[in-house]
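# sequence and predicted model, in that order:
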Amino acid sequence: MTVGLSTMDLRADPDADLSEAVGHIRRGGVVAYPTETVYGLGGACTVEGVRNVRAVKGRSEARPLIALIESRQAAAELEWTDAARELAEIFWPGGLTLVLRDPKATFPPGVRDPVSGGVAVRVTSHPVAARLIAAVGGPLTSTSLNSPGERPAMSGHEARDVLTRFGADVWLLDAGPLPESGPSTVVDCTTGEPIVLREGTVPIARLRCAIPGIHE
């Protein structure tokens, strides 16, 4: 396993070969990568991958990680309500995270909420993250790259600063600065009526254009 921080600079060559980073992920390693909102920290959507991401960030086990997926078909085993399908059709790929029930336990603990059985999934619109997920061939866990109490990293430079403080074995995919953005909007679709858990880059007003009765 790579020791320390390894950086792949994708600013000059966005289509660079990701095979080393993919191999690191498949061995249970952790990567930092750009998304459409902020730089994220993640790994394979496995028990080992989840454990290693939590260890790097120091994230509480009580807070499940988001799963970034290649397409809606990659989460076909989750329980899709009519509202969830409508929201995904309109806002994916993009900054909308949907929480769906996982009755068959297809996602591991740490991604699947132990109480509600829900899994938070999103199809990212960032080309680097999307290409990484496709190369891995499965979902990638995601949590914002930041120290507790600090704002998430919005550039490769900020990401390196955070990762240096973490002092862990991590691959950084540096795509340069991201446009200013809030976090993803999170909508719970595990109940009869969808509920906005967090308003972010997709405003509630836009959600109501698709689902007029959506709850805050």
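Structure received.
# beta-bridge partners for A67, please?
Using DSSP bridges, the beta-bridge partners of A67 come out as V121, T141.
# and it, how close does it get to G29?
For A67, the distance to G29 (Cβ to Cβ, to the nearest Å) stands at 17 Å. Quick note: C-beta positions are derived from backbone N, CA and C, even for glycine.
# quick check, central residue of the protein?
The centroid of the chain falls nearest to S142 when counting by Cα atoms, centre = their mean (3.2 Å).
# contacts only, for that residue.
Applying Cβ atoms under 8 Å, 6 or more residues apart in numbering, we find S142 in contact with T35, G40, L41, G42, L65, I66, A67, L68, R122.
# can you tell me which of those is nearest A21?
Distance to A21, by Cβ to Cβ, is smallest for G42 among the contacts of S142, at 11.3 Å.
# can you count the residues close to the nearest residue to H215 once chain neighbours are set aside?
Residue nearest to H215 in three dimensions, not counting chain neighbours: I195, with 4.6 Å by Cβ to Cβ, 6 or more residues apart in numbering. Number of residues near I195 (other Cβ atoms under 10 Å) recorded here: 15.
# wait, doesn't I195 sit right on V186?
No - using Cβ atoms under 8 Å, I195 is not in contact with V186; the gap is 9.5 Å.
# more neighbours: which of A67 and G29?
Between A67 and G29, counting by other Cβ under 10 Å, A67 is the more crowded of the two (27 against 24).
# need the pLDDT of that one.
Listed pLDDT for A67 reads 98.
# repeat for the one 5 residues further on
The per-residue pLDDT reported for R72 equals 96.
# with the one 10 residues further on instead?
We note a pLDDT of 95 for D82 in this prediction.
# got the contacts of S142 as CSV, with distance to F91 columns?
Formatted as CSV, the contacts of S142 follow (distance: Cβ to Cβ, whole Å):
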residue, distance to F91
T35, 15
G40, 18
L41, 23
G42, 21
L65, 20
I66, 15
A67, 16
L68, 14
R122, 9
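# and those residues, which two are the farthest apart?
Maximum pairwise distance among these (Cβ to Cβ): 14.9 Å, between L41 and R122.
# between those two, who's got more neighbours?
Per other Cβ under 10 Å, whichever of L41 and R122 has more neighbours is L41, with 30 against 27.
# what about the more buried one, which helix or strand?
strand 39-42 (DSSP states H and E).
# cool, V187 as well?
strand 185-188.
# so which elements touch that strand?
strand 96-101, strand 195-198, helix 204-210 (3 or more Cβ pairs under 8 Å, 6 or more residues apart in numbering; DSSP states H and E).
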